[in-house]
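In: Here's my sequence, what's the structure:
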Amino acid sequence: MQPLYGSTSCTVVRTVTHTYRPMRNSYSLLRRVHEGSHLIRRHASSQGPNRSRKPVTKPLPYQPTQPKAADTQQKQYRRNEKAPLSDLMRERWFAMLGFGTALACLGYFTTSLTMYWRTEPAPCYPLGCEPTVPTGRPSIQSPYEFDMHLDKSEWRYGITRLRRELGASVRGHVLEVAIGTGRNFEFYGWDAVTASLLSPEEQRKKTKKQGKSSSDDDAVLSFTGVDISPGMLDIALLRVRQVVPHMSSEIPKKPSFAMLASKYSDDKDGKSHGHVVSLLSDRIRLLQSDVSSGLPSPPAPPSPSNSAPSTSSLPQKYDTIIQTFGLCSVQDPVSLLSTMAASLQPDTGRILLLEHGRSIWSFVNGLLDRGARQHHERFGCWWNRDIEVIVTEASRRIPGLEIVRLERPGWTTAGTHVVVELRVTKQQQGEIDAGKKEKATGWFPSVLSTKQATDESKKSN
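Out: Alright, predicted model coming up:
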């Protein structure tokens, strides 16, 4: 057995031991011990640990299995990447069979679908000749389920961003046609509308913060929303309470339009506009009415005293008329555009539209045509109408109506969504007011609607 510190260290220890007997001076003994320990440390550091001994391996509780010859050959094939085709077929036949079956099924499905689309074209109905009249109201889902369904889909396809951009352009006396559940309310500027609810101190702070450069030209002075569904208006009232500042005390937590509505008095033209909920002295109005029968006039501004406001100060036209996804839900969209143009302030007023319809790609249009009936049964609108053709023909038929902007934003909607901005020139405003008295079917061009010709052919037969 090898000594712990080698032969040199043992020699040093023996020398110190033998020298101790005759030694009488303790100082010399301590010095020799110190030299011996220093010699031991230097000798140990020069040799290092003994690495020649191998660690003792403990026996395993089981006997390891030896690799088979087939496994070794397979690893060798994988390493060289030159395995024969026969061996490859024998080893991976199941995966190749599954992949081939899936590829054959996909090819059969694609071929069958292509042959079906060529032999059975999708039904595309002319405007106004759809088998059922659009209602704009969901029939399968409740209004609350319908509103929750739109939350994620609109964010995913970029519709929320488009609503925000349109809301930033709204100003003056605003009319929103087919408000639905009020999904545009959170993008409007309500500061001027709710200014009467602020205390004098809050008004001074607000004026000081905004500065003298701020004006009411780009602010919303009044808001009027029209829809035909009372269930949608219930959610719109709830959204007004949540979005509009200082309105939580004006509207109950669970509002009901039927309970809050009162009979709206006849307007100057003698037309009744249905039930209405008026808030903040008519600065915010929600009406249940059919827009095909007419649009309400803007509200009168609140007078500072008990004196009645002069007729010249009453607003006769709206500064902004906005509609999102409404032309697909009416039977005569051109007549609706004519009614909106007659209620718009000439030159300075704007009509803002966000619609969905036919795309610029025929493949997408085929998908829209095939799913039009199911979409109408679920949501009550025809989503395969050509909005660009409708707006272009309306600008040609309605005097003074001009297209300021018509674009298809974003690529996530496959070109199916259209943003339109319209205006009315002041010279042709009188002709529009005169044409407003005509029937709604009178605005249908022969290119877009063949309903009258179809009825005449049936009578002749």
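
In: Dihedrals phi and psi, the closest residue to residue 96 other than its chain neighbours?
Out: Excluding its sequence neighbours, the residue lying closest to residue 96 (C-beta to C-beta, 6 or more residues apart in numbering) is residue 89, at 7.2 Å. Every residue, glycine included, has its C-beta placed from N, CA and C. Reported as degrees, to the nearest 10, the phi and psi values for residue 89 are phi -70, psi -40.

In: do the one 3 residues further on as well
Out: As for residue 92, its main-chain torsions (degrees, to the nearest 10) stand at phi -120, psi 40.

In: before we move on, what about the one 4 residues further on?
Out: The main-chain torsion angles of residue 96 are listed as degrees, to the nearest 10 and equal phi -70, psi -30.

In: got the buried residues for stretch 172-186?
Out: Across stretch 172-186, burial judged by 16 or more other C-beta atoms under 10 Å covers 172-185.

In: Secondary structure added to these, as TSV?
Out: TSV is the format used below for these (DSSP: H, G, I helix; E, B strand; the rest coil):
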residue	secondary structure
172	strand
173	strand
174	strand
175	strand
176	strand
177	strand
178	coil
179	coil
180	coil
181	coil
182	coil
183	coil
184	coil
185	helix
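
In: what two of these are the furthest from one another?
Out: Based on C-beta to C-beta, the longest span within the buried residues of stretch 172-186 runs between 172 and 181 and measures 24.0 Å.

In: what mean pLDDT does the strand or helix carrying residue 374 have?
Out: Taking DSSP states H and E as the definition, residue 374 sits inside helix 372-379. In this model, helix 372-379 carries a mean pLDDT of 86.

In: which element follows that helix toward the C-terminus?
Out: Immediately after helix 372-379, counting by DSSP H and E, sits helix 387-397.

In: Run through the neighbouring helices and strands of that following helix.
Out: Here helix 387-397 touches helix 333-342, strand 350-356, strand 401-407, strand 417-424, going by 3 or more C-beta pairs under 8 Å, 6 or more residues apart in numbering; DSSP states H and E.

In: So which of these is nearest residue 246?
Out: Of all the helices and strands packed on helix 387-397, strand 350-356 sits nearest to residue 246, with 26.4 Å by C-beta to C-beta.

In: Provide the strand pairings for the closest one, with the direction of each partner.
Out: Partner strands for strand 350-356, per DSSP bridges, with pairing direction: strand 320-324 (parallel), strand 417-424 (antiparallel).

In: Please name every helix or strand in contact with whichever helix or strand comes after it.
Out: The first helix or strand that comes after strand 350-356 along the chain, using DSSP H and E, is helix 362-370. With contacts defined as 3+ C-beta pairs under 8 Å, 6+ apart, there are no secondary structure elements packing on helix 362-370.

In: quick one: contacts of helix 362-370?
Out: Applying C-beta atoms under 8 Å, 6 or more residues apart in numbering, the contact partners of helix 362-370 are 117, 122-124, 358-359, 383-384, 414-416.

In: Pick the most deeply packed of the strands paired with strand 350-356.
Out: Ranked by mean neighbour count, the strands paired with strand 350-356 are led by strand 320-324 with a mean of 25 (mean count of other C-beta atoms under 10 Å).

In: Next, the angle from that strand to strand 172-177.
Out: Taking axes from the mean of the first three to the mean of the last three C-alpha atoms, to 10 degrees, one finds strand 320-324 and strand 172-177 inclined to each other by 30 degrees.

In: sorry, back to before: out of the strands paired with strand 350-356, flag the one nearest residue 255.
Out: Of all those, it is strand 320-324 that lies closest to residue 255, at 22.0 Å by C-beta to C-beta.

In: what does that closest one rub up against?
Out: Strand 320-324 is contacted by residues 163, 166, 169-178, 180, 183-184, 340, 343-344, 349-355 when judged by C-beta under 8 Å, 6+ apart.

In: Quick check: residue 37 vs residue 28, distance?
Out: Applying C-beta to C-beta, to the nearest Å, one obtains 15 Å for the distance of residue 37 from residue 28.

In: I'd assumed residue 189 was in a strand, is it?
Out: No: read with three-state DSSP, residue 189 is coil and lies in no strand.

In: Show me what the helix holding residue 374 is packed against.
Out: Going by 3+ C-beta pairs under 8 Å, 6+ apart, helix 372-379 lies up against no helix or strand.

In: So which bits of that helix are buried?
Out: Of all the residues in helix 372-379, those buried under the rule 16+ other C-beta under 10 Å are 372-373, 376, 379.

In: Check stretch 315-334 too.
Out: Per 16+ other C-beta under 10 Å, stretch 315-334 contains these buried residues: 315, 317-334.

In: likewise stretch 218-228?
Out: 219-228.

In: Just to check, residue 349 is in contact with residue 319?
Out: Yes: under the criterion of C-beta atoms under 8 Å, residue 349 makes contact with residue 319 at 5.4 Å.

In: Between these two, which contacts overlap?
Out: Shared contacts of residue 349 and residue 319, defined by C-beta under 8 Å, 6+ apart, comprise residue 172.

In: How about the contacts made by residue 160?
Out: Residues in contact with residue 160, defined by C-beta under 8 Å, 6+ apart, are residue 154.
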